[in-house]
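Student: Could you look at this predicted model? Sequence included:
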Amino acid sequence: RRGEMAKLTQLIDNDVFRAFATYATIVLLKMMLMSLLTAYYRITRKAFANPEDTASFGKGENAKKYLRTDADVERVRRGHLNDLENIVPFLGIGLLYALSGPELSTALLHFRIFVGARIAHTFAYMIPLPQPGRGLSWAVGYAVTISMAYRLLSSVLYL
Amino acid sequence: RRGEMAKLTQLIDNDVFRAFATYATIVLLKMMLMSLLTAYYRITRKAFANPEDTASFGKGENAKKYLRTDADVERVRRGHLNDLENIVPFLGIGLLYALSGPELSTALLHFRIFVGARIAHTFAYMIPLPQPGRGLSWAVGYAVTISMAYRLLSSVLYL
Amino acid sequence: RRGEMAKLTQLIDNDVFRAFATYATIVLLKMMLMSLLTAYYRITRKAFANPEDTASFGKGENAKKYLRTDADVERVRRGHLNDLENIVPFLGIGLLYALSGPELSTALLHFRIFVGARIAHTFAYMIPLPQPGRGLSWAVGYAVTISMAYRLLSSVLYL
């Protein structure tokens, strides 16, 4: 089994692959923060979706009034869903792109801009900044993913 | 580092892996189109979720009336979420399946049917076609993913 | 091409990678079950989101009354979305972690606890159990993912 392990180690020793692993992990941890932010707003705004979550506030009508939507909670949830919609394509396309043998400097540029754009998008959504702040940060991440997809399809296309 | 790069190149030179990379990228690009479609409907139907998105329509009550839901916007959003729910399992199971050494012709059949079914699902949802058009296209993609999962677990099971 | 195939086979013969493939597939199949559960509740509660889905109940007002939300359907949908929000980071971080050469016993511990926590989360959400049942099962899966991310970044960091 020694030989196999060595080969796996070689994959993770590849610089482009290591860079992808680093940036993918950072942007996934950022996305995971949205769960904590949702919990924070649900608790401070007292706005819950499940009856069992309001049981500590008492019984009957007293607890029922906390089963409601709140503008801040809904905003975080939209931000979280937007993350899913954009980070899933980055993970899939980015991993395959990283394995398709791109130049290290080009790959780093893609990964860094994408992660920077998604962090900017979160700030633009949560503060919130006036448009087109959020729209632009979204578009930059989207364009980076398209660029990796183009490079990937150019080098591996097999229909 | 030359030797490691060569090994990475070998992964992407594998035909099954190249086929997976191609079809995964196509179906992710299709999913990304849903974002543009949502933006298109939000703008043409003037139905937005965030106050900052309606600022260009004026101030106060004038802009506030565009903070609303619209049947077409909600339809695209449901289609987008359905993509996420089905394409995420395809990406995870499909990648591992592609690495488990399946026959090229069998793998191609799985990838092509899945991507075809998801494209059909989008048309069935957006036109919309009468049922069971959308239901069947959903079920075909679902069955393909189950089939890959079965093949994968049969060959790699390690609990 | 023979040599390349052999190398691919070696990846899937690695025990940590096989374990990841097994547990990732199990947790994705569990997530896919949420789609069937949603369909089950939509049909038994007669609560649909699309007009074309209610056509079999007749025409006009008769069918329109089934275009409604239902507490059970919404609960499954929230559970499904929570799966997506937590399983996507597990897939991305877990795959890269599995390739970063962890000890087999440590890796198995992470994979098993995560999958167990997500299955427990589903039962806690669907039954539903009183809090903090669901909250704790969510937190365990979250902590496992953070632990893999920490281990991964420690070994591959490349900014």
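Tutor: Sure, I can see it.
Student: quick one: the helices in chain A?
Tutor: For chain A, the helices defined by DSSP state H cover A:2-13, A:15-44, A:61-64, A:71-99, A:104-126, A:133-156.
Student: Check which residues of the longest one are buried.
Tutor: Spelled out, that is helix A:15-44. Neighbour counts using 16 or more other Cβ atoms under 10 Å in any protein chain shown place A:16-32, A:34-35, A:37-38, A:41-42 of helix A:15-44 among the buried residues. (Each C-beta comes from the backbone N, C-alpha and C, glycine too.)
Student: Those residues: which ones sit near chain C?
Tutor: By Cβ under 8 Å from any Cβ of the partner chain, the members of the buried residues of helix A:15-44 lying near chain C are A:18-22, A:24-25, A:28-29, A:31-32, A:34-35.
Student: which of those residues come close to chain B?
Tutor: Counting by Cβ under 8 Å from any Cβ, no member of those is near chain B.
Student: Which residues are in contact with A:Tyr40?
Tutor: Contacts for A:Tyr40 were tallied using Cβ atoms under 8 Å, 6 or more residues apart in numbering or on different chains; there are none.
Student: which parts of chain A sit against chain C?
Tutor: Residues of chain A lying close to chain C by Cβ under 8 Å from any Cβ are A:1, A:3-5, A:7-9, A:11-12, A:15, A:18-22, A:24-25, A:28-29, A:31-32, A:34-35, A:49-50, A:52-53, A:55-56, A:80-81, A:84, A:87-88, A:91, A:95.
Student: which residues of chain A score low on pLDDT?
Tutor: A:1-10 (pLDDT under 70).
Student: what do you get if the cut-off is 90, keeping everything else the same?
Tutor: Applying pLDDT under 90 to chain A flags the ranges A:1-14, A:55-64, A:159.
Student: Touching, A:Phe111 and A:Ala19? I think so.
Tutor: Yes: the pair A:Phe111 / A:Ala19 is scored as a contact, 5.8 Å apart, by Cβ atoms under 8 Å.
Student: For my notes, please list the ones next to chain C among the buried residues of helix A:15-44 in JSON lines and give distance to B:Ala124 for each entry.
Tutor: Putting those into JSON lines (distance: Cβ to Cβ, whole Å) gives the following:
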{"residue": "A:Arg18", "distance to B:Ala124": "42"}
{"residue": "A:Ala19", "distance to B:Ala124": "40"}
{"residue": "A:Phe20", "distance to B:Ala124": "35"}
{"residue": "A:Ala21", "distance to B:Ala124": "38"}
{"residue": "A:Thr22", "distance to B:Ala124": "40"}
{"residue": "A:Ala24", "distance to B:Ala124": "33"}
{"residue": "A:Thr25", "distance to B:Ala124": "37"}
{"residue": "A:Leu28", "distance to B:Ala124": "32"}
{"residue": "A:Leu29", "distance to B:Ala124": "37"}
{"residue": "A:Met31", "distance to B:Ala124": "30"}
{"residue": "A:Met32", "distance to B:Ala124": "34"}
{"residue": "A:Met34", "distance to B:Ala124": "31"}
{"residue": "A:Ser35", "distance to B:Ala124": "33"}
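Student: any idea which of these is the one closest to B:Gly133?
Tutor: Taking Cβ to Cβ as the measure, B:Gly133 lies nearest A:Met31 of those, at 33.6 Å.
Student: what's that closest one in contact with, if anything?
Tutor: Counting by Cβ under 8 Å, 6+ apart, A:Met31 makes contact with A:His80, A:Asp83, A:Leu84, A:Ile87, C:Glu85, C:Val88, C:Pro89.
Student: and it, how far is that from chain B?
Tutor: Here A:Met31 is placed at a distance of 13 Å from chain B (Cβ to the nearest Cβ, to the nearest Å).
Student: Then A:Leu84?
Tutor: 6 Å.
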